[in-house]
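**Q** Provided below for reference: sequence and predicted model.
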Amino acid sequence: MKNVFFSMFGCFLFVSAYAQQQQVFTFQAGTTGVSVGAGTPVKQKEIGKAAMEFFYDYHYLTDTTDAASEKKDVMILQVSYGMSKFSSYRTMQTDSLIRVSTADRIKANPGKYVGGSTFSIYKNYPSGKFTTTDKISTDWFMYEEDIPVQEWTIDDDSTKEILGYKCHRAECDFHGRKYIAWYSDEIPVADGPWKFGGLPGFIAEVSDSEGHYKFALVGINSNAARDITIHDVQYNKTTRSKFYITKRKFDTDPIGYMSAVSGINLTITTPDGSPNNELMKPRELQYDYIERDYK
């Protein structure tokens, strides 16, 4: 097994690897662990054309005991005829920037190339299925599942206005959490953020009852012409449950996970060359995933 040592300065760690092309890996240390990203362009395959686009603020906690740990992302729901895609608009913009940047530029200003969430949800793609793609460390994963049934309880008496649209309240239990949603029958699209749907209208806002996750509509593009794409990469085909189990292995022990899958013994050192034992240790998560029923 090869040995690789990372020196830590600031909050970013870098290593360049050479295979068929140069890759720049960025490691970010934080209170919730170590995240890794590869600053290389990801090829895209067109699978449709968006007719409308909906933009959401996505709020989530990285420590469920601390409201100040809230993180934010900007998400985009691209709706086509018969299918839709929900993904990070921030990551979409970052990917476009990476494609026109050199490895030296990325290394010189790594913070500029840090995107948002890596997951994408494809509804009715393929027909009758949901497809989820996501990244763990530097590996891409994909799993399909039947279109989930969400049993909503609708409260027509409770209403509020979102972006000028009258919305009605609904509740449901889904994959280990209770959700409160606000939907409008004034928007002619039966869809919503993430995996949500099944209401007689468009879901403009949804949050779990504990305040850990929230999607809030902030903008609509009714004249979209952007391509709907999927990463054209080698995926690890898996199931929803196995994906979350693998993700948890990485999130609790990122260095151990990367060492196991790469066959390289990774060690993080401080600027004086001594091992950084804190970052090497496995850790407990201070949060749970949006879907809790994988265990």
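**A** Structure received.
**Q** Which elements pack onto the longest helix anywhere in the chain?
**A** For the chain, the helix with the greatest residue count under DSSP state H is helix 240-252. Where contact means 3 or more C-beta pairs under 8 Å, 6 or more residues apart in numbering; DSSP states H and E, helix 240-252 is packed against strand 129-136, strand 139-146, helix 254-262. In this view, the C-beta of every residue, glycine as well, is placed from N, C-alpha and C.
**Q** Could you rerun that using 6 Å?
**A** strand 129-136, strand 139-146 (3 or more C-beta pairs under 6 Å, 6 or more residues apart in numbering; DSSP states H and E).
**Q** Return the most buried member of the ones you listed.
**A** Among these, strand 129-136 has the highest mean neighbour count (mean count of other C-beta atoms under 10 Å), at a mean of 19.
**Q** shaky segments in the stretch 51-200 of the chain?
**A** 100-102, 106, 110-114 (pLDDT under 70).
**Q** same thing but at 50, please
**A** Along the stretch 51-200 of the chain, no part satisfies pLDDT under 50.
**Q** re the thing from before, which one, of the helices and strands packed on helix 240-252, ends up nearest to Thr229?
**A** Between Thr229 and these, the tightest spacing by C-beta to C-beta is seen for strand 129-136, at 10.9 Å.
**Q** Alpha carbons of the closest one, as CSV, please.
**A** Written as CSV, here are the backbone C-alpha positions of strand 129-136 (Å, rounded to 0.1, in the frame of the first residue of the first chain):
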residue,chain,number,x,y,z
LYS,A,129,-38.7,5.5,-11.6
PHE,A,130,-36.8,8.0,-9.6
THR,A,131,-33.0,8.1,-10.3
THR,A,132,-30.6,9.6,-7.7
THR,A,133,-27.0,10.4,-8.5
ASP,A,134,-24.5,11.6,-5.9
LYS,A,135,-20.8,11.7,-5.1
ILE,A,136,-19.0,10.1,-2.1
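**Q** my guess is Ile230 meets Glu46, correct?
**A** No: the criterion here is C-beta atoms under 6 Å, and Ile230 misses it with Glu46 at 8.4 Å.
**Q** more crowded one of the two?
**A** Ile230 (19 against 10; other C-beta atoms under 10 Å).
**Q** so where does that one fall, helix or strand?
**A** strand 227-231 (DSSP states H and E).
**Q** Now the element after that strand, going C-ward?
**A** That would be, after strand 227-231 and using DSSP H and E, strand 236-237.
**Q** quick one: average pLDDT of that following strand?
**A** Taken as a whole, strand 236-237 carries a mean pLDDT of 98.
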